[in-house]
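Undergrad: Provide a 3D model corresponding to the input given below.
(2 chains)
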2 protein chains.
Amino acid sequence: MNEGFPLAPGTVIGILGGGQLGRMLALAAGRLGFDVVILTPELDAPASRVARETLIAPFDDPDALGRLADLCDVITYEFENVPAAAVARLKALGAPVAPNEKTLAVAQDRVAEKTFLNEAGVRTVAFLPVDSAQDAVAAAAQLGAPALMKTRREGYDGKGQKWVEHAAKAGAVFDALGGVPCILEAPADFVRELSVIAARGRDGALAIYPLGENHHEGGILRRTVAPAPASPDLSAQAERIAAQILTRLDYVGVIGIELFELADGRLLANEIAPRVHNTGHWTQDGCEVCQFEQHIRAVAGWPLGPTDARARVEMLNLLGDEADAWAKLASEPETRLHLYGKRQAKPGRKMGHINRLSRL
Amino acid sequence: MNEGFPLAPGTVIGILGGGQLGRMLALAAGRLGFDVVILTPELDAPASRVARETLIAPFDDPDALGRLADLCDVITYEFENVPAAAVARLKALGAPVAPNEKTLAVAQDRVAEKTFLNEAGVRTVAFLPVDSAQDAVAAAAQLGAPALMKTRREGYDGKGQKWVEHAAKAGAVFDALGGVPCILEAPADFVRELSVIAARGRDGALAIYPLGENHHEGGILRRTVAPAPASPDLSAQAERIAAQILTRLDYVGVIGIELFELADGRLLANEIAPRVHNTGHWTQDGCEVCQFEQHIRAVAGWPLGPTDARARVEMLNLLGDEADAWAKLASEPETRLHLYGKRQAKPGRKMGHINRLSRL
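TA: Residues are numbered from 1 along each chain as shown, chains lettered A, B, ... in the order given. Model (predicted):
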């Protein structure tokens, strides 16, 4: 177990989750001389194939968590829906977990998240919690329609959300989402979707990457262009938002913050992801230190690295059978290919991404 | 087993050898979506910790070779002293091995190597084979002293070689090297040690990186500066040498070619290493596609990637306890750190390297 931070090369980083984000974290950790142990319920997971060892068990399996705590000097995660009890258990066993529990509690509940953001001085759309069909109707009456209803927990890539087109139908939408606790959000009248990837070290130092401009299709990220064209004021707003969130959460690691740019130039925060983020993949080829190495540096207690862009990047996700074009993509000199080793290409499944580079 | 080239992501690359070169190859393969299986006699080898699976056995173990051939779609190696019989066995089992047997035969024997180079139209120092103490004296009389005696096989980082200061003592030097077959080389009156890292694809395409300028200490590479200052003529000579060697060997993969620059501007080839090479580590941060990805692309039958430098790099090996300075090195914004995860730092052991970047 851990002899204190910064962790020396050769020590062990645990990752909850075995998907592509875990894989790219493991590759970055390997470059810096760390060993990686993965905990995932999935056999033959993408991250397992580049890690020293994998514990195959549910995330809340007490034996697996005990073993992970024994093996690792620090533990992090690649997705925000890690069971809170699992993190509490790891902490009880003396294993440092980063980012911290407070962050997970905020990130796992959309009402807690937006409440936290507003309290931190970060603007969001107007929202109301919805715990019943009756609440739903009242909330829709108050916020107006259309409004977006989302489950408070879970849900990603556009799942677990529906539009309320007419206030009177809000109860039916609530029922259609399964009757679970929800949030109703006023629509954001945005001109662009942006994101800022940022990191905070154990010493409180911040490292903030240039803005990315994001394009979604069917709720799934399609494309990020970075650095996004942005006025100094817009960049400064994003940096202020990132700094407020990271500092207030006493955060350690990389965070992805999704932003809406309004017509008047103001930024609203939409969502925080307490982990490396799909909209930060451009940093792998666009920056000297990518978000994956940055996260490993942060959780290991290392100094953070530089975040300047050294190229303009268009990041494109390869969804489903789009990754079958690997041979053509590999032949493009300006294209850097990142593939996740997933065995089956289902429609919409993220199989890889490319970073297309051009001069800044 | 292999369904033909190019290999699709998700197929399996085997690597003979588990050291740092294997580790960095495995990391590059992981980025492109390949799985890696390592064969090494070493427990807990650096490469094993970032590979899907490791077969722990001697390199000539028939069962391990059979298993490797079953598991892998192509097999490569990280060091040139792979037993020829092991490669022959893999081939007999139907497993493609790259680079090929001819290359290994040339690279494993210093007399065969220099003979091949001369036949390929590539200049070297004058040399003579030495099979006895008597030969040694005759060779020294013919080439003059001082001259450098090296064992024909094995030997790296300055091991297995001694200077013959006086022709009369050549027999004693031969005996001191163990009485094994040797080569006697005339000294090269060089002004710089350079190297060229190059690749050849399965389609015969070539990709040649800019020259590196190398500085050794005690026979061990200390430092590479790249791209090395070089006239267009010097670069053209290096490219011609690389092209002649790669084409003549029907080579597939990355090769490292060590060169001597003479005072009159001519280049001599000193040695070829049929693998990724320490003097090519600068490409990890100095080029879009590094030598490790390039090698994986080549052996997998993919198109080769670009080799242009995008930064000036000073690569420094971290030998022995120099790697203990990781915390300081990690705090330098211009320094990219690569550590190998070796458990024990012995004097002179390569524990990692850094690439210090500056503008071209």
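
Undergrad: how far is stretch A:91-98 from where the chain is centred?
TA: Taking C-alpha atoms, centre = their mean, to the nearest Å, one finds the center of stretch A:91-98 at 21 Å from the center of the full chain.

Undergrad: quick one: end-to-end distance for it.
TA: 10 Å (C-alpha to C-alpha, to the nearest Å).

Undergrad: can you pull the buried residues of it?
TA: Within stretch A:91-98, the residues scored as buried using 16 or more other C-beta atoms under 10 Å in any protein chain shown are A:95, A:96, A:97, A:98. All C-beta spots, glycine's among them, are computed from the backbone N, C-alpha and C.

Undergrad: take these and lay them out in CSV including distance to residue A:136, pLDDT and secondary structure.
TA: Below are those laid out as CSV (distance: C-beta to C-beta, whole Å; pLDDT from 0 to 100; DSSP: H, G, I helix; E, B strand; the rest coil):
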residue, distance to residue A:136, pLDDT, secondary structure
A:95, 41, 95, coil
A:96, 41, 97, coil
A:97, 36, 97, strand
A:98, 37, 98, coil
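
Undergrad: quick one: mean pLDDT for stretch A:137-146?
TA: The average pLDDT for stretch A:137-146 rounds to 95.

Undergrad: residues contacting that stretch, please?
TA: A:126-130, A:147, A:163-168, A:170-171, A:184-187 (C-beta atoms under 8 Å, 6 or more residues apart in numbering or on different chains).

Undergrad: in helices only, show me those residues.
TA: If you go by DSSP state H, the contacts of stretch A:137-146 have A:170, A:171 in helices.

Undergrad: just the contacts of stretch A:137-146 that are near chain B?
TA: With C-beta under 8 Å from any C-beta of the partner chain as the criterion, those include none near chain B.

Undergrad: pull out the buried members of the contacts of stretch A:137-146.
TA: Neighbour counting by 16+ other C-beta under 10 Å classes A:126-130, A:147, A:164, A:167, A:170-171, A:184-186 among the contacts of stretch A:137-146 as buried.

Undergrad: so which of those residues comes closest to residue B:196?
TA: Comparing the buried ones among the contacts of stretch A:137-146 against residue B:196 with C-beta to C-beta places residue A:185 closest, at 58.9 Å.

Undergrad: may I have the beta-bridge partners of that closest one?
TA: Under DSSP bridges, the beta-bridge partners of residue A:185 are residue A:127, residue A:148.

Undergrad: correct me if wrong: it contacts residue A:151.
TA: No - the pair residue A:185 / residue A:151 is not scored as a contact, 12.0 Å apart, by C-beta atoms under 8 Å.

Undergrad: what's the closest of the buried ones among the contacts of stretch A:137-146 to chain B?
TA: residue A:185 (37.0 Å; C-beta to the nearest C-beta).

Undergrad: who's in contact with that closest one?
TA: Taking C-beta under 8 Å, 6+ apart, we find residue A:185 in contact with A:114, A:125, A:126, A:127, A:143, A:147, A:148, A:149, A:150.

Undergrad: what is the nearest of the buried ones among the contacts of stretch A:137-146 to residue A:44?
TA: Proximity of the buried ones among the contacts of stretch A:137-146 to residue A:44 (C-beta to C-beta) peaks at residue A:185, which lies at 38.1 Å.

Undergrad: may I have the phi/psi pair for residue A:329?
TA: As for residue A:329, its main-chain torsions (degrees, to the nearest 10) stand at phi -60, psi -40.
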